[in-house]
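Chemist: just need the structure, nothing else, for what follows:
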Amino acid sequence: MSDHPDPLVEPVETPAPGPEERPRDSLRDEAPRKLGASPQDPPASRRAPFRSGFACFVGRPNAGKSTLMNALVGTKIAIASSKPQTTRHAVRGIVNRPDAQLIVIDTPGLHRPRTLLGERLNDLVRDTWSEVDVVGVCLPANQRIGPGDTYLVGELAKLTKRPLLVALATKSDLASPGRMAEHLLKIASLEDELGIRWESIIPVSALTDDQVDVVADELVKLLPEGPRYYPDGEVTDEPTETLIAELIREAALEGVRDELPHSLMVVVEEMGKRPDRPAERPLLDIYASMVVERDSQKGIVIGHKGQRLKEVGTAARAQIAALVGMPVHLDLRVKVLKDWQRDPKHLNRLGF
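Modeler: Below you'll find the model as predicted:
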């Protein structure tokens, strides 16, 4: 990580503005447009105030952010992998409740960038921090808090427009009671050490669904009053093509060498229902490319006699079929785009 942050200012507590006085930032401006709908205000007869807003999870790579987001939303919308820096863009999940709508944003892990892609992902993280209402800082209970964690929290403390902060002791199922107690005390000590204030500190395990509901309740409690930004029932505004590409990438990440995940990108080239199929037996044709940076990486993805590519296709096809609700024909190709992570033209073309 980079040098330790400069001395931090003490937090200034001010009351959260109401919905009328709260400035509309880009997240709020974007939300209705992405679904082609206008914000839907709750019925005037509702007794309790309706709360809505944005929260994001931050943390070191592989801190459990994506898994927790999926657990909150109740379905898989963000891929999760043991490989660091799996998340490549800000994924939005929508939690709908009678009294609130919480939009959770899963961002890439903040890291020391080695490529132009890494720099752009870090910029995305910081831009998101300044626009959300609440930030959940994920601090895995099975790992000791280290310089990377203190650097990240210190960066949050330096924000001019600081969101409310909630500490999440993720992966609580992997920590003994004694280890958890030690971990929670260390998290609490960051308040004085870094000049921040936790609204709450919550142990949580997304894997065992332990205290996920408590996290949801706490995040909703901290939201301002506001409208419903997305229609009830929506769980994400991610395009289907993007979700499919991510499921393919997730399948490809398992069991590969450490250097490959950063070089692997998936693009859905074409997708559509096969026209000659009867309505009761639909089939979705998907043509996708897995993009790598070097010929040697292409060989790793394809494997001996194409075995690795076949395994990726089988695993991804099952996940995609569950997502779209019909059988899938998946045609996978592997392309080499030399040093795409460092080339501005390639990054722009790939959506970064």
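Chemist: low pLDDT regions in the stretch 201-350 of the chain?
Modeler: 255-262, 350 (pLDDT under 70).
Chemist: any chance you could map the strands in it?
Modeler: 265-273, 284-292, 328-336 (DSSP state E, counting those that start in this stretch).
Chemist: pretty sure A252 is touching V301, no?
Modeler: Yes. A252 sits in contact with V301 when judged by C-beta atoms under 8 Å, with a separation of 6.5 Å. Backbone N, C-alpha and C define where each C-beta goes, glycine included.
Chemist: common neighbours of those two, please.
Modeler: Shared contacts of A252 and V301, defined by C-beta atoms under 8 Å, 6 or more residues apart in numbering, comprise 264, 290, 312.
Chemist: any chance of these in TSV, plus neighbour count?
Modeler: What follows is the shared contacts of A252 and V301, written out as TSV (neighbours: other C-beta atoms under 10 Å):
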residue	neighbour count
L264	21
M290	23
V312	27
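Chemist: and the residues you listed as a markdown table, adding distance to L219?
Modeler: Shown next, in a markdown table, are the shared contacts of A252 and V301 (distance: C-beta to C-beta, whole Å):
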| residue | distance to L219 |
| --- | --- |
| L264 | 32 |
| M290 | 35 |
| V312 | 35 |
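Chemist: quick revisit: more crowded one of A252 and V301?
Modeler: Taking neighbours as other C-beta atoms under 10 Å, A252 and V301 compare with A252 leading, 28 against 19.
Chemist: find the nearest non-adjacent residue to that one, please.
Modeler: Using C-beta to C-beta, 6 or more residues apart in numbering and skipping residues adjacent in sequence, the residue nearest A252 is V312, 4.9 Å away.
Chemist: tell me how far the one you found lies from L264.
Modeler: V312 is 10 Å from L264, where distance means C-beta to C-beta, to the nearest Å.
Chemist: and the gap between the residue nearest to A252 and L72?
Modeler: For V312, the distance to L72 - C-beta to C-beta - is 28 Å.
Chemist: try S176
Modeler: For S176, the distance to L72 - C-beta to C-beta - is 25 Å.
Chemist: report the contact partners of the residue nearest to the spatial centre of the chain.
Modeler: The residue lying closest to the centre of the chain (C-alpha atoms, centre = their mean) is D106, at 2.1 Å. Counting by C-beta under 8 Å, 6+ apart, D106 makes contact with 56-57, 65-66, 69, 78, 87, 90-93.
Chemist: phi, psi for it please.
Modeler: phi -90, psi 120 (degrees, to the nearest 10).
Chemist: and stretch 287-304, how far from the chain's centre?
Modeler: 25 Å (C-alpha atoms, centre = their mean, to the nearest Å).
Chemist: tell me the buried residues in that stretch?
Modeler: 288-293, 297-298, 300-302 (16 or more other C-beta atoms under 10 Å).
Chemist: then stretch 64-77?
Modeler: 64-73, 76-77.
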